[in-house]
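Asks: Mind looking at a prediction? Sequence and model below.
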Amino acid sequence: MKYWLAILLCLCFAAVVSALPTESEDRQKRDVLESMKTAWTDVVKTLSDAGDAVVNVFKPTEKSIVDKIADGVKGLAD
């Protein structure tokens with residue numbers, strides 16, 4: 001009779017251990033969250049770069065090629 005109790009306890013222990021989540025599931029969730037965070041950071045950077053490009057179209061920070069050529073011609077004429 002005591003053997004049956006020991007076997008029953010071992011089977012219950014095995015059932016509990018197999019029902020617990022494994023460490024790899026936590027790692028997969030963490031990896032997915034890190035991938036989503038990286039993707040979101042890339043999206044924000046891309047939108048920021050696109051916004052900077054739009055601003056540069058309407059308000060350039062450096063001289064355009066035409067202005068550089070005009071300054072060169074003025075320098076030659078003077």
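Replies: Alright, I've got the coordinates.

Asks: CA only for contacts and neighbour counts going forward, please
Replies: OK.

Asks: what about the longest helix in this structure?
Replies: helix 23-58 (DSSP state H).

Asks: Burial check on residue 53, number of neighbours?
Replies: Per other CA atoms under 10 Å, the neighbour tally for residue 53 reads 13.

Asks: What is the subsequent helix or strand relative to the longest helix of the chain?
Replies: Next in sequence after helix 23-58, counting helices and strands by DSSP states H and E, comes helix 65-77.

Asks: to the chain's geometric centre, what's the distance from that next one?
Replies: How far helix 65-77 lies from its chain's middle: 45 Å, per CA atoms, centre = their mean, to the nearest Å.

Asks: elements contacting it?
Replies: Applying 3 or more CA pairs under 8 Å, 6 or more residues apart in numbering; DSSP states H and E, we find helix 65-77 packed against no helix or strand.

Asks: Output it as PDB - backbone C-alpha positions only.
Replies: What follows is helix 65-77 as a C-alpha-only set of coordinates in PDB (Å, rounded to 0.1, in the frame of the first residue of the first chain):
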ATOM      1  CA  ILE A  65      24.000  74.300 -56.000                       C
ATOM      2  CA  VAL A  66      22.600  77.200 -57.900                       C
ATOM      3  CA  ASP A  67      23.600  79.600 -55.100                       C
ATOM      4  CA  LYS A  68      27.100  78.100 -55.000                       C
ATOM      5  CA  ILE A  69      27.500  78.600 -58.800                       C
ATOM      6  CA  ALA A  70      26.200  82.200 -58.500                       C
ATOM      7  CA  ASP A  71      28.600  83.000 -55.800                       C
ATOM      8  CA  GLY A  72      31.400  81.400 -57.900                       C
ATOM      9  CA  VAL A  73      30.500  83.500 -60.900                       C
ATOM     10  CA  LYS A  74      30.300  86.700 -58.700                       C
ATOM     11  CA  GLY A  75      33.800  85.900 -57.400                       C
ATOM     12  CA  LEU A  76      35.200  85.600 -60.900                       C
ATOM     13  CA  ALA A  77      33.500  88.800 -62.000                       C
END
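
Asks: Going by neighbour count, list what's buried in it.
Replies: Within helix 65-77, no residue counts as buried by 16 or more other CA atoms under 10 Å.

Asks: Just the mean pLDDT for that helix, thanks.
Replies: In this model, helix 65-77 carries a mean pLDDT of 76.
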